[in-house]
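A.B. asks: my questions are about this predicted structure, shown below with the sequence.
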Amino acid sequence: MMDHQHEEAVQTFRDTIPLFQALADPARQDIILLLAQNEALTVNTIAEHSKLSRPAISHHLKILRDNRLVSIEQKGTQRLYSLDLAASLIILKNLVTTLEQCESGV
């Protein structure tokens, strides 16, 4: 039987799996790096910097958005995507803290 701390660590790790899966894809990594160098970009602008099609870029942006790695701002008819790592950083910090507590036996 698992103790409470171990169960919490397992659940915290499981909570990060979708984030790690989103970050594992090279196309999404490229989008994140591009957005890190720019304030906000449209799908078309992102597609201009990629070998992927516009629909493929939209698909990857949806995954990034679902995992709260990017946010969208509507400006007129344009949808601007920007990097938004606050929620992901909280998830990752929580994982690190939980693992540190397990390691130290706290």
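C.D. replies: Alright, I've got the coordinates. Here the structure is a predicted model, which means the values were calculated and not measured.

A.B. asks: thought residue 27 was touching residue 60?
C.D. replies: Yes - using CB atoms under 8 Å, residue 27 is in contact with residue 60, at 5.3 Å. (Glycine included, C-beta is placed from N, CA and C.)

A.B. asks: can you check which residues contact both of these two?
C.D. replies: residue 52 (CB atoms under 8 Å, 6 or more residues apart in numbering).

A.B. asks: which of the two has more residues huddled nearby?
C.D. replies: A count of neighbours by other CB atoms under 10 Å puts residue 60 above the other of residue 27 and residue 60, at 23 against 15.

A.B. asks: may I have the phi/psi pair for residue 84?
C.D. replies: Dihedral pair for residue 84: phi -140, psi 90, per degrees, to the nearest 10.

A.B. asks: for it, which non-adjacent residue is spatially closest?
C.D. replies: residue 71 (4.0 Å; CB to CB, 6 or more residues apart in numbering).

A.B. asks: let me know the pLDDT of that neighbour.
C.D. replies: Residue 71 carries a pLDDT value of 96.

A.B. asks: would it be right to say that it lies in a helix?
C.D. replies: No - under DSSP: H, G, I helix; E, B strand; the rest coil, residue 71 sits outside any helix and is assigned strand.

A.B. asks: and it, how many neighbours?
C.D. replies: Neighbours of residue 71 (other CB under 10 Å): 16.

A.B. asks: surely it is in contact with residue 81?
C.D. replies: Yes - counting by CB under 8 Å, residue 81 is a contact partner of residue 71 at 7.4 Å.

A.B. asks: name the residues contacting each of those two.
C.D. replies: residue 65.

A.B. asks: quickly list what the residue nearest to residue 84 is bridged to.
C.D. replies: Beta bridges link residue 71 to residue 82, judged by DSSP bridges.
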